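Chemist: generate a structure from the sequence data that follows.
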Amino acid sequence: MDLLRSLPLGLYLEQPVTWLHRLDARVKIGWLITFLVTPLLAPIPWRLGIVVCLIGLTVLAFIPLRVWRQQMGWVLFFCGLVFTITAVMPDGMAVRYQSRLPTNELLFVQSPPPLPKPTELEGGNSLGRFLGRVLERSPSTSSSASPPTSPSASPSVKAELSAFDPVPNLPQKPYRFTLLQQGPVTITRESVRLGIQFGTGFFTLIYSTTLFLLTTAPEEITAALEQFFQPLRRWKVPVTEIMLTLTLSLRFIPLVLEEIQNLVRSIRTRAINWKKVGMRGAVQIGLTVIDRLLENLFLRAEQIASAMTVRGFTSPNQHRVQWQKLQMHRRDWVALGLLILVIGLRVGISFS
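Modeler: Numbers count the residues shown, from 1 in each chain. Predicted coordinates:
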């Protein structure tokens, strides 16, 4: 079991140097934010297109197969499992909601009481009786509101009225909301849509960040973020301290994986018979391993702090460190132009 090769999460691939390595870190951060933000409220084709784009970038960058084969396999397996579970689970469209109002009250609302006649007005004065006689003698409004057509209407009039038919006779394709129904398993269009949405969301979130860390050095990430956060210095935000902490945390990830790998190998070399140990013994061994892991990590952190203190690094402002010199090249401007084009396309799709 080699965690540093089988699970390269947060690790930087130093060799071979691909064209993704040569891109500017600021441009890659912009692409990463685009991959993470544009799928929000996006249609299904856009989400699937981002997944295909990430896989295509991995293949076209000629990253070694040993690096991303197992990792992408596990991510695809996890996203496929999420899609299957979501597609099989109920979609929530057939839920019956109970009304807050009783049925009788709805009937009262739908059938309002009739208005009183002018002859039944309160007081029974002469004006009311006069209006009643006038309405009784006048022709009914229904006769004036009746349609002008009759069985003896001319064909030209019928043709003009048929032109304003709100429901034309168009050919309709058969539509099925339920795609599959076998016993207790029911798959609908809504459940499939939710499954694709969740599966592509998990894949984009996990693999885009992993690909970014795989092809970008921690020093480049720190330098790019420090340039982005320069305006925060006006409000006395410790940007340099935050970037230093981020760099140390990125450098500390391989040390954590190495310590876990060493502890797993130490347990394997002891050939523990887990059947004889039992559940209680397994829990005790697990707690001992976790305690040893934390102790080793704190020891590593103390060694790093001592090394920085010996070299005179008391504070980032007094001991300035040049992380990386960032410079835009022609390939960076091309990638930035493509990024602006993708953002404009996404905005156009959202407003269409």
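Chemist: which stretch of helix or strand covers Ser191?
Modeler: Element membership of Ser191, judged by DSSP states H and E, is helix 189-215.
Chemist: and that helix, what's buried?
Modeler: Across helix 189-215, burial judged by 16 or more other CB atoms under 10 Å covers 191-192, 194-204, 206-208, 210-215. C-betas here are computed from N, CA, C, even on glycine.
Chemist: average pLDDT for that helix?
Modeler: Helix 189-215 shows a mean pLDDT of 89.
Chemist: determine the set of other helices and strands touching whichever helix or strand comes after that helix.
Modeler: Next helix or strand after helix 189-215 toward the C-terminus (DSSP H and E): helix 218-228. On a contact count with 3 or more CB pairs under 8 Å, 6 or more residues apart in numbering; DSSP states H and E, helix 218-228 meets helix 25-37, helix 239-269.
Chemist: okay, those in JSON lines with distance to Leu179, mean neighbour count and mean pLDDT next?
Modeler: Below are those laid out as JSON lines (distance: least, CB to CB, whole Å; neighbours: other CB atoms under 10 Å; pLDDT from 0 to 100):
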{"stretch": "helix 25-37", "distance to Leu179": "30", "mean neighbour count": "18", "mean pLDDT": "92"}
{"stretch": "helix 239-269", "distance to Leu179": "43", "mean neighbour count": "15", "mean pLDDT": "81"}
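Chemist: what sits against Thr58?
Modeler: Trp68, Met72, Leu211 (CB atoms under 8 Å, 6 or more residues apart in numbering).
Chemist: mind checking pLDDT for the first one?
Modeler: Put plainly, it is Trp68. 78.
Chemist: so which strand or helix has the closest residue to it other than its chain neighbours?
Modeler: Ranked by CB to CB, 6 or more residues apart in numbering and with sequence neighbours excluded, the top spatial neighbour of Trp68 is Thr58, at 5.6 Å. Thr58 belongs to helix 44-60 when assigned by DSSP H and E.
Chemist: buried residues in that helix, which are they?
Modeler: Trp46, Arg47, Gly49, Ile50, Val51, Leu54, Ile55, Leu57, Thr58.
Chemist: didn't the second one look like it was pressed against Phe203?
Modeler: No. With the criterion set as CB atoms under 8 Å, Arg47 and Phe203 do not qualify as a contacting pair; they are 9.1 Å apart.
Chemist: now the angle between helix 25-37 and the helix or strand hosting Gly337, please.
Modeler: In this structure, Gly337 sits in helix 330-351 according to DSSP H and E. Put simply, helix 330-351 runs at 20 degrees to helix 25-37, going by axes from the mean of the first three to the mean of the last three CA atoms, to 10 degrees.
Chemist: so which elements touch helix 330-351?
Modeler: Using 3+ CB pairs under 8 Å, 6+ apart: helix 330-351 touches helix 25-37.
Chemist: got the CA positions of the helix it packs on in CSV?
Modeler: Below are the C-alpha coordinates for helix 25-37, written out as CSV (Å, rounded to 0.1, in the frame of the first residue of the first chain):
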residue,chain,number,x,y,z
ALA,A,25,-1.0,30.2,-11.7
ARG,A,26,-3.4,33.2,-11.8
VAL,A,27,-4.9,31.9,-15.1
LYS,A,28,-5.3,28.4,-13.6
ILE,A,29,-7.0,29.9,-10.5
GLY,A,30,-9.5,31.7,-12.8
TRP,A,31,-10.2,28.4,-14.6
LEU,A,32,-10.7,26.6,-11.3
ILE,A,33,-13.2,29.2,-10.1
THR,A,34,-15.0,28.9,-13.4
PHE,A,35,-15.2,25.1,-13.2
LEU,A,36,-16.6,25.4,-9.6
VAL,A,37,-19.0,28.3,-10.1
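Chemist: could you list the domains of the chain?
Modeler: What automatic domain parsing lists as the domains of the chain is 1-93+179-217+327-352, 238-323.
Chemist: low-scoring stretches of the stretch 101-250 of the chain, by residue?
Modeler: 101-176 (pLDDT under 70).
Chemist: just give the closest residue to Leu13, not the sequence neighbours.
Modeler: Using CB to CB, 6+ apart, the closest residue to Leu13 is Leu214 (5.1 Å).
Chemist: isn't that neighbour right up against Pro64?
Modeler: No. Contact criterion CB under 8 Å: Leu214 and Pro64 do not qualify, at 10.6 Å.
Chemist: overlap of the contact sets of these two?
Modeler: Going by CB under 8 Å, 6+ apart, residues that sit against Leu214 and also against Pro64 are Leu13.
Chemist: and the contacts of stretch 262-271?
Modeler: Under CB under 8 Å, 6+ apart, the answer for stretch 262-271 is Met1, Ile285, Val289, Arg292, Leu293.
Chemist: got TSV for those residues, with neighbour count, secondary structure and pLDDT too?
Modeler: Listed next are the contacts of stretch 262-271 as TSV, based on neighbours: other CB atoms under 10 Å; DSSP: H, G, I helix; E, B strand; the rest coil; pLDDT from 0 to 100:
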residue	neighbour count	secondary structure	pLDDT
Met1	10	coil	47
Ile285	15	helix	85
Val289	15	helix	87
Arg292	14	helix	88
Leu293	15	helix	88
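Chemist: of those residues, which is the nearest to Arg234?
Modeler: Nearest to Arg234 among the contacts of stretch 262-271, counting by CB to CB, is Leu293 at 41.8 Å.
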